[in-house]
Every structure is written in C-alpha cells, then in structure tokens.
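Enquirer: this one's structure only:
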C-alpha cells in the first residue's frame with residue numbers, strides 16, 4: 001500500500017492543535033468597544049481630532065503627490081517631504097542624521113542585520129525586542145546576550161572581545177516597563193570602546209523636555225552611536241527612524257535590506273508624523289497625568305496577594321499572573337467588565353512570568369483605573 005505523507009495543512013494543523021492544548025494559541029481580536037488599557041497610544045494621538053484635522057488639511061495641500069509611494073525610496077518613493085522630515089526629526093532629537101523605515105521592526109532588523117560586520121560582536125540585553133533578536137539572527141557579526149540590566153555581566157563579556165563592539169538595549173522595556181541604566185551603560189561603553197544602540201520606542205513622546213526620549217532627557221545624545229524612535233506608539237502613526245551619523249544613514253540606504261526592498265510609506269503617514277511632532281513641540285503632551293495614574297494603579301494593587309504589580313515609573317505596568325490559563329482568565333474577566341488589558345503569555349514571556357500588561361494613557365481616568373483594579377481583585381480572589 002502506497003504511503004502518503006501528511007499534507008502541509010495537516011502538519012500545520014497539528015502544530016496549531018499543540019499550541020491550543022498548551023494555551024499558547026494566538027488569535028486576532030476586536031476590542032474597540034472596551035476601555036483601552038492595552039494599546040501603545042500613550043498620548044491619545046491616534047484618536048486626536050486635532051491631529052487628524054491638521055493632517056487632512058496638509059494632505060489637501062500635497063495633491064500633486066500620488067496617494068501611494070509607488071515603489072521603494074530607491075526607485076520612485078523618495079521625495080522632498082521625506083528628506084525634510086528626516087532632517088527635522090534628527091534635529092528634534094539632537095542627532096546628526098536619520099533614515100525613516102516603515103516600522104520599528106524594519107528599523108531594528110535593518111540596522112542589526114547590516115551594520116555589525118564580520119569580526120564585530122553585538123551584546124544585547126536578554127529582554128530586547130524580537131525585532132532586535134531577528135536582526136541579530138541575520139548579522140554576520142558574533143552575538144551574545146547579557147542578563148537583563150546587569151552591568152557586571154555585560155562588563156565581564158565586554159572584556160573578552162577586541163574587535164568593534166555594539167551594545168543593544170531599550171531605554172524602556174516593552175513588557176516590564178522598566179528603564180535601562182543608560183548613564184551607567186554609556187560609561188561602560190566608553191570604557192571598552194563599544195557603540196551603544198538604544199531603542200527608544202516606548203520613550204518617544206513621553207520623556208524629555210519635548211518628548212525627545214530618555215537619551216535627550218539625560219543629555220546623552222552625543223555619547224551613543226544610534227537610536228531608534230518609532231511613530232506607531234505615542235505618536236499614533238506608523239513608521240520609525242534610525243538616528244545617528246551621516247555615514248550611518250548612507251550605509252543603511254545601501255545595505256539595510258528592510259529599507260531597500262520595501263515600498264516606501266504613503267504620503268499621509270509622513271504628514272501624520274510631521275504634525276504629531278508639531279503637537280509635541282508645543283508641549284501638549286505635558287497634559288499627560290501619567291505619574292498620577294501610575295501612582296493610583298500601584299496603590300490600588302499594592303500588597304494584593306493575588307498577583308505582583310511592577311514598580312515601573314512609566315506608562316507600561318505589568319501585573320505578574322503566573323500561568324497562561326490564569327492570565328487569560330483575568331484578561332477575560334476584565335473584558336467582561338468593559339476593560340481591555342492584554343494577557344501576555346508564554347512563549348512571549350518566560351514561563352512563570354505571564355502577565356497582564358497594563359498601558360496607561362492620557363485619556364484614561366482615575367475612576368477607570370480604580371475600576372480596572374477592582375475587577376482584577378475579584379478575578380483573582
């Protein structure tokens with residue numbers, strides 16, 4: 001009897017079934033009707049009528065441009081607005097130059113797959129974003145991971161390599177919301193001649209005198225090699241920029257595959273980013289009552305025996321609820337009460353570190369925070 005191999009779909013179905021059994025199966029959801037404690041729209045700009053109106057008006061003034069980019073920037077997608085915006089953003093964050101990518105993921109993959117060369121080594125914090133990890137899988141340099149925010153472990157590793165060194169960190173980590181020790185990292189990088197690369201995705205718009213990020217807030221802009229700022233979180237839009245030297249920009253144009261081989265952003269996206277920065281520059285983001293909301297959340301869950309709340313000072317707060325099943329249970333209970341806070345499950349986080357990731361926004365209220373906390377307490381009672 002002829003043996004027939006399983007079809008591709010049958011194999012994939014078996015893998016999906018295993019995930020479902022392990023409570024790790026992902027699915028798409030629509031939660032627009034719930035009170036938002038999950039998105040990265042920290043400043044509420046994604047829903048800003050002011051920003052939408054400003055962008056719509058600007059769009060009408062650029063009708064000579066096609067709606068779509070029509071190709072990559074190296075073919076037909078480049079124009080003056082792109083380059084003017086890059087110069088403006090670089091100046092805003094006090095950098096020499098910048099290159100816009102289609103997303104933060106593309107920016108990190110493009111940088112880390114292209115810039116480190118054979119004979120170089122990249123030391124990355126063990127909790128860096130998947131986009132950095134994916135870029136490092138493509139690099140021709142060596143790579144190593146150091147314990148999260150552990151300067152002793154990093155220094156031990158830095159002592160072992162004599163070629164060009166890169167250190168990859170996030171200024172604010174996306175799951176725990178904790179800060180990287182940037183001052184100490186800069187000093188360590190300078191001591192060992194390493195190039196510090198900082199992903200500012202979750203600091204853009206929130207920290208710094210005008211939302212320039214943690215690097216500018218700490219006055220370190222002339223002591224780091226490169227920064228990544230994304231537009232899809234606090235700016236409420238889409239895209240990202242890599243900031244650094246003019247040489248770095250030119251190199252990325254020539255060698256970053258995630259830049260070279262993709263259709264450029266459409267005009268509307270660029271105008272949105274331009275106007276979002278205009279709002280930031282006027283200090284509107286200072287209206288954010290982040291410290292007040294963070295204090296309210298942490299105070300309400302402080303000492304609660306059902307789970308452990310983080311002590312992070314920024315908009316990302318994590319409530320550790322071990323086990324995929326229990327984390328999902330809490331998230332479902334919150335949705336039933338009208339709140340959307342995402343359960344982050346293994347394998348996105350390590351086993352035992354499953355959590356409810358709570359994001360606070362300018363538009364959230366103290367009453368909503370209290371209601372969220374009370375629902376969590378009931379769900380875990």
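Expert: Yes, it's here. This one's a predicted model, so the numbers in the text were calculated from it and none came from an experiment.
Enquirer: helices of the protein, start to end?
Expert: 8-21, 49-60, 80-92, 104-114, 130-138, 151-158, 182-191, 214-217, 246-255, 257-260, 267-281, 290-301, 324-336, 366-380 (DSSP state H).
Enquirer: strands paired with the worst-scoring helix or strand of the chain on mean pLDDT, and their directions?
Expert: Confidence across the helices and strands of the chain bottoms out at strand 308-309, with a mean of 84, counting by mean pLDDT, DSSP states H and E. Sheet pairing here is set by DSSP bridges, and for strand 308-309 it gives strand 316-320 (antiparallel).
Enquirer: what angle separates the strand it pairs with from helix 290-301?
Expert: 10 degrees (axes from the mean of the first three to the mean of the last three Cα atoms, to 10 degrees).
Enquirer: mind checking how far strand 316-320 is from the chain centre?
Expert: Averaging C-alpha positions (Cα atoms, centre = their mean, to the nearest Å) puts strand 316-320 16 Å from its chain's average.
Enquirer: what mean pLDDT does it have?
Expert: The average of the pLDDT scores along strand 316-320 is 92.
Enquirer: ok, now stretch 170-183?
Expert: 95.
Enquirer: so how far is it from its chain's centroid?
Expert: 11 Å.
Enquirer: rank the helices of the chain by pLDDT, which is bottom?
Expert: helix 290-301 (a mean of 87).
Enquirer: tell me what it is packed against?
Expert: Using 3 or more Cβ pairs under 8 Å, 6 or more residues apart in numbering; DSSP states H and E as the contact test, the elements touching helix 290-301 are strand 308-309, strand 316-320, helix 366-380. Where you see a C-beta, it was placed from the backbone N, CA and C, and this is true even at glycine.
Enquirer: list the contacts of it.
Expert: With contact meaning Cβ atoms under 8 Å, 6 or more residues apart in numbering, helix 290-301 is reached by 42, 206, 307, 309, 311-315, 317, 319, 358, 360, 362, 364, 366, 369-370, 372-374, 376-377.
Enquirer: can you do 10 Å?
Expert: 37, 42-43, 177, 206-207, 289, 307-317, 319, 358, 360-362, 364-374, 376-377 (Cβ atoms under 10 Å, 6 or more residues apart in numbering).
Enquirer: that older thread, right, so the helices and strands packed on helix 290-301: which one is the most enclosed?
Expert: strand 316-320 (a mean of 23; mean count of other Cβ atoms under 10 Å).
Enquirer: circling back to that earlier point, in JSON lines, list the helices and strands packed on helix 290-301 along with distance to residue 166.
Expert: Listed next are the helices and strands packed on helix 290-301 as JSON lines, based on distance: least, Cβ to Cβ, whole Å:
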{"stretch": "strand 308-309", "distance to residue 166": "33"}
{"stretch": "strand 316-320", "distance to residue 166": "25"}
{"stretch": "helix 366-380", "distance to residue 166": "39"}
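Enquirer: tell me which of those sits nearest to residue 6.
Expert: Of all the helices and strands packed on helix 290-301, strand 316-320 sits nearest to residue 6, with 39.2 Å by Cβ to Cβ.
Enquirer: next, count neighbours for residue 361.
Expert: Residue 361 has 24 neighbours, counted by other Cβ atoms under 10 Å.
Enquirer: now for it: which residues touch it?
Expert: Here residue 361 is in contact with 35-44, 46-47, 234, 288-290, 293, 315, 368 (Cβ under 10 Å, 6+ apart).
Enquirer: mind giving me the PyMOL command for buried ones among the residues you listed?
Expert: Those of the contacts of residue 361 that count as buried under 16 or more other Cβ atoms under 10 Å are selected in PyMOL with:
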select buried, resi 35+36+37+38+39+40+41+42+43+44+46+234+288+290+293+315+368
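Enquirer: rewinding a little: residue 74 is nearest to which of the helices of the chain?
Expert: Once the helices of the chain are compared by Cβ to Cβ, helix 257-260 is nearest, at 6.1 Å.
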